[in-house]
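Peer 1: Sequence first, predicted coordinates after that:
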Amino acid sequence: MASISHGMMGRPAVASAAILARRLLAPWTTRTAADVIRERASLAAVAELQSRSECRPLDVGALLRSTPGADSHLGYEAINKVVPLVFGWGGPASGWTGQLALDKIPSERLPSAEFATPMLTAIDHINEDVCGHPGIIHGGMTAVIVHTMASLAAALNAPPGASMDARTLNMDYRKPIRTGTFVKIHAWPFERSRNGLKTAVHIYGLQNEVLVEASADLTVAPA
């Protein structure tokens, strides 16, 4: 029985190693920018945001150009092929808070109607080859996304031309962000701090599972 057992175990082990080698060495399929734009336009999450009267699409490129230093935080040449689709919320609080997993957010960190743009929501695509291979993006890349979205949320509620810089950035990783996927990002200011704004950024999967919860204390310097 022993010789049969070793033989039966050996062949699958060799086969598994061969399959793994093929997967590691084989080129992966990557989307072009046109593919990303076309697929993003068909997402139910995008259709929902476009149908909501209380949120409006934002020209994120123009916003970044008017916010000194913000474009240097993007790093989107490495993380994605297309600038994310971004919407700004207004109107009744039920509109934007309905987008969030409220049971996971302390009451003092909820979006507030005190701010001109209480929350922004972005649909973003993570490159298939962002890490050099298909897999999971590392924490540094996640921090780039969080810092950028926190800066955008602050810029929408700061004087034109003000610059943003993070004094602190706190990250709580709930689930991995996988390459080759779309994510939904909510960012909002929740408190005015000394010379700045405290902001929260939550990253969700398209099934509304929480992937990352983060907060940032940003210095806001007038132009």
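Peer 2: Yep, it's here. Numbering: from 1, shown residues only.

Peer 1: who touches the one helix or strand residue 87 maps to?
Peer 2: In the assignment (DSSP states H and E), residue 87 maps to strand 85-89. Outside strand 85-89, the residues that touch it by Cβ atoms under 8 Å, 6 or more residues apart in numbering are 40, 46, 49, 54-58, 60, 95-96, 111, 117-124, 152, 156. Quick note: C-beta positions are derived from backbone N, CA and C, even for glycine.

Peer 1: I'd say residue 130 and residue 138 touch.
Peer 2: No. Using Cβ atoms under 8 Å, residue 130 is not in contact with residue 138; the gap is 9.3 Å.

Peer 1: Which one's more surrounded, these two?
Peer 2: With neighbours defined as other Cβ atoms under 10 Å, residue 130 and residue 138 compare such that residue 130 has more, 21 against 12.

Peer 1: Identify the residue nearest residue 193 in space, chain neighbours excluded?
Peer 2: Nearest residue to residue 193, sequence neighbours excluded (Cβ to Cβ, 6 or more residues apart in numbering): residue 217, at 5.7 Å.

Peer 1: Quick check: beta-bridge partners of the one you found?
Peer 2: In this entry, residue 217 is beta-bridged to residue 168, residue 198, by DSSP bridges.

Peer 1: residues near it, how many?
Peer 2: Number of residues near residue 217 (other Cβ under 10 Å) recorded here: 17.

Peer 1: Could you report the pLDDT at residue 33?
Peer 2: Per-residue confidence (pLDDT) for residue 33: 87.

Peer 1: what's the closest non-adjacent residue to it?
Peer 2: Nearest one to residue 33, counting by Cβ to Cβ, 6+ apart, is residue 81 at 4.4 Å.

Peer 1: what pLDDT does that neighbour get?
Peer 2: The model's pLDDT for residue 81 equals 79.

Peer 1: need the contact list for it.
Peer 2: Residue 81 touches 31, 32, 33, 36, 125, 127, counting by Cβ under 8 Å, 6+ apart.

Peer 1: filter the contacts of strand 85-89 to the buried ones?
Peer 2: Those of the contacts of strand 85-89 that meet the buried threshold are 40, 46, 49, 54-55, 58, 60, 95-96, 111, 117-124, 152, 156, by 16 or more other Cβ atoms under 10 Å.

Peer 1: Go ahead and confirm residue 112 touches residue 190.
Peer 2: Yes. Between residue 112 and residue 190 there is a contact under Cβ under 8 Å: 6.3 Å.

Peer 1: Settle it for me: which of these two has more neighbours?
Peer 2: Taking neighbours as other Cβ under 10 Å, residue 112 and residue 190 compare with residue 190 leading, 22 against 14.

Peer 1: dump the residue contacts of that one.
Peer 2: Residue 190 neighbours (Cβ under 8 Å, 6+ apart): 108, 109, 110, 111, 112, 198, 199, 200.

Peer 1: ok, 6 Å please
Peer 2: Contact analysis of residue 190 by Cβ atoms under 6 Å, 6 or more residues apart in numbering lists 109, 198, 200.

Peer 1: Which one of these is nearest to residue 146?
Peer 2: residue 200 (9.7 Å; Cβ to Cβ).

Peer 1: Touching the strand or helix carrying that closest one from outside, list them.
Peer 2: Counting by DSSP H and E, the element that carries residue 200 is strand 196-204. Applying Cβ under 6 Å, 6+ apart, the contact partners of strand 196-204 are 109, 146, 149-150, 153-154, 183-191, 210-220.
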